[in-house]
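Asks: Sharing a model that was predicted from the sequence below.
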Amino acid sequence: MKRIVVLGATGSIGSQTLDIVRAFPDEFEVVGLAAGNNVDLLFQQIDEFHPKHICCISPPDNLPSGITFTPMEEMVCLDGVDTVMVATMGSVGLIPTLNALKHGKAVALSNKEPIVMGGAIIKEFEALYGGRVLPVDSEPSAIWQCLQGEDNEISRLMITASGGPFRLTPVEAMAEVTPEQALKHPTWQMGKKITIDSATLMNKAFEVIESHWLFGVPLEQIEVVVHPQSTIHSMVEFADGSVKAQMGPPDMRLPIQYALFYPQRLSNGMIPRLDLGICHSLTFEPLEPQRYPCFGLGMEAGRLGGSCPTVLSAADDVAVHSFLDGRIKFTDIPRLVERVLTEHERTPGLNADELLEADHWATVRAKELVKRGLSRTAII
């Protein structure tokens, strides 16, 4: 039986993780649950899974008997924990991820930001302390699955992107996009932040950086291709030209389950199967840089390295939430991110404190720019 902690338990990935636990009750013991402000759902989860440790933003006054309020960064270090699911939002997952690895835990990593921010440090901790990162993000998980059993030179990693809801929208009309339109992803059901990142393709820049660190492949050997059907999640091309692809329905429970049971594959009736008995088409298109400026900004931050990916992530977080709140336009998202990146003085990013300082600076600066109500032209 695996003893697990779920960080971000009330969010989309956290809830789906608990779906897997629910489907395999004899395989898991939930030791700890951490959430944000959704205390009502957290208490429902407590009643069902009976964790010994919980964490949320505001400690409740009426904790059930036998349950301890334990900060995330301490919960992941407990002796009775085997696997930590990191399904938090933003930079808050960095320290728990590093602490879990330092204590030799398996870290099922759904949260992109920790490895985008601190990929070098995470890989260093993984090597030093015996913990292991298990990719949960669907595209890196697909690459991971394609690499199983392979000991051959990698020529390319090819990450697929649906293109989001505005793949065919005229570029000149993008300034009038509403949050409601941007949240209507054509293939995936996700949380609001990642759905907007999927509309701007910032999420693909994050996945390129993530895959670079996870698999040790140079950025220039990682490509993104638009694949509207979201049936192929990623591909790996080897030195001889052979290509392996991982296919499946767009359902996050599959990569979650693969990480939790690795190296085994278990079956349950909850996850839909790819039905090849019906007509399928698989199409691929080149990514249009002018349609997705966030992708180019993300790739440039990845090439610069150091503290720049941290600033990219923090500025994007502020920009996306400002768009969702109606304070900036959709097309202001890349303009705001670019402005913050341009103002940032890059540092080497050698430790978590340095990265968190850059994260704080970028968050504050981006919020200042939004508060000033800069026009679309003034943000440049």
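Replies: The structure has been received and is ready for your questions.
Asks: any idea how far stretch 168-181 is from the chain center?
Replies: In terms of Cα atoms, centre = their mean, to the nearest Å, the centre of stretch 168-181 is set 24 Å apart from its chain centre.
Asks: Between the two ends of that stretch, how far is it?
Replies: Counting by Cα to Cα, to the nearest Å, you get 13 Å between the two ends of stretch 168-181.
Asks: go on, stretch 187-198?
Replies: 11 Å.
Asks: list the buried ones in that stretch?
Replies: Judged by neighbour count (16 or more other Cβ atoms under 10 Å), stretch 187-198 contains these buried residues: 187-188, 190, 193-198. Just so you know, the C-beta spots here come from the backbone N, C-alpha and C atoms, and that holds for glycine as well.
Asks: Quick one: residues in contact with that stretch.
Replies: The contact list for stretch 187-198 (Cβ atoms under 8 Å, 6 or more residues apart in numbering) reads 11-13, 89, 161-162, 164, 179, 182-183, 185, 203, 206, 228-230, 250, 252, 294, 316-317, 320-321, 323-324, 333.
Asks: May I ask which two of the buried residues of stretch 187-198 are separated the most?
Replies: Thr187 and Lys193 (17.3 Å; Cβ to Cβ).
Asks: ok, back up a step: how about the buried residues of stretch 187-198 in JSON lines, adding distance to Phe69?
Replies: Shown next, in JSON lines, are these (distance: Cβ to Cβ, whole Å):
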{"residue": "Thr187", "distance to Phe69": "39"}
{"residue": "Trp188", "distance to Phe69": "34"}
{"residue": "Met190", "distance to Phe69": "29"}
{"residue": "Lys193", "distance to Phe69": "26"}
{"residue": "Ile194", "distance to Phe69": "28"}
{"residue": "Thr195", "distance to Phe69": "31"}
{"residue": "Ile196", "distance to Phe69": "32"}
{"residue": "Asp197", "distance to Phe69": "32"}
{"residue": "Ser198", "distance to Phe69": "34"}
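Asks: which of those residues has the weakest pLDDT?
Replies: When the buried residues of stretch 187-198 are sorted by pLDDT, the bottom entry is Trp188 at 82.
Asks: out of the buried residues of stretch 187-198, which are inside helices?
Replies: 193-198 (DSSP state H).
Asks: what helix or strand does Glu29 sit in?
Replies: For Glu29, the host element (DSSP states H and E) is strand 28-34.
Asks: ok, now Gly296?
Replies: According to DSSP H and E, Gly296 maps onto helix 293-304.
Asks: Pull out the buried positions in that helix.
Replies: Using 16+ other Cβ under 10 Å as the burial criterion, the residues of helix 293-304 that qualify are 293-299, 301-302.
Asks: Would you map the strands across the stretch 51-200 of the chain?
Replies: Along the stretch 51-200 of the chain, counting by DSSP state E, counting those that start in this stretch, strands occupy 53-55, 68-69, 83-86, 106-109, 132-135, 154-161.
Asks: List the contacts of the fourth one.
Replies: Outside strand 106-109, the residues that touch it by Cβ under 8 Å, 6+ apart are 17, 82-86, 97, 100-101, 115, 131-137, 256, 259-260.
Asks: residues in contact with the helix or strand that comes right after the strand holding Glu29?
Replies: Counting by DSSP H and E, the next helix or strand C-terminal to strand 28-34 is helix 39-49. Residues outside helix 39-49 that contact it (Cβ under 8 Å, 6+ apart) are 9-10, 15, 18, 21-22, 30, 33, 35, 51, 54, 56, 58, 60, 64, 67.
Asks: Report the buried members of these.
Replies: Among those, those scoring as buried are 9-10, 15, 18, 21, 30, 33, 35, 51, 54, 56, 67 (criterion: 16+ other Cβ under 10 Å).
Asks: Considering the residues you listed, which is situated nearest to Thr169?
Replies: Ser15 (30.8 Å).
Asks: Does the closest one touch Ala9 like I think?
Replies: Yes. The pair Ser15 / Ala9 is scored as a contact, 7.3 Å apart, by Cβ atoms under 8 Å.
Asks: before we move on, the earlier item: and which of the contacts of helix 39-49 is nearest Leu287?
Replies: Of all these, Leu287 sits closest to Ser15, with 31.1 Å by Cβ to Cβ.
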